[in-house]
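Asker: Sequence plus predicted model, see below.
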Amino acid sequence: MMVIVLENAPPRLRGRLAVWLLEARTGVYIGNYSIKVRYMIWHQVEKGLAGGNAVMIWDAPTESGFDLVTLGSNRRIPVEMDGLKLVSFMPEEKSSEQGL
């Protein structure tokens, strides 16, 4: 099984993913494909994402039972520690308008 979550993605990419995957909620796509097809779908995300961001999660023979990859700007960054994929949060950017 694989899950792709998109934020701020162009409608063209969302429609393209809906051809192969079930859109359970807006921007959340679910499917069950081979590794080869999964790479082809992720390549479509890479080509069409523009300024948005995406994460893909799939079943994998790891300690946690899944693996993930991200694309685009997001505060959540995957980090591998002792063979486990964890998510690290980047600090919020401070606005220069607030005088900080």
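Answerer: Received, thanks.

Asker: SS state for the spatially most central residue of the chain?
Answerer: With distances taken as Cα atoms, centre = their mean, Val55 lies nearest the centre of the chain, 0.8 Å away. Applying DSSP: H, G, I helix; E, B strand; the rest coil to Val55 yields a three-state assignment of strand.

Asker: State the number of residues packed around the nearest residue to Gly31 once chain neighbours are set aside.
Answerer: Nearest-residue entry for Gly31: Leu21, 4.0 Å, with adjacent residues in sequence omitted and distances by Cβ to Cβ, 6 or more residues apart in numbering. Where you see a C-beta, it was placed from the backbone N, CA and C, and this is true even at glycine. The tally of other residues near Leu21 (other Cβ atoms under 10 Å) stands at 18.

Asker: ditto for the one 10 residues further on
Answerer: For Gly31, the count of nearby residues is 16 (other Cβ under 10 Å).

Asker: swap in the one 10 residues further on?
Answerer: Burial measure for Ile41: 21 neighbouring residues, criterion other Cβ under 10 Å.

Asker: got it, and the one 5 residues further on?
Answerer: Here the neighbour count serves as a burial measure; for Glu46 (other Cβ under 10 Å) it reads 11.

Asker: That one is in what secondary structure piece?
Answerer: Assigned by DSSP states H and E, Glu46 falls within helix 35-48.
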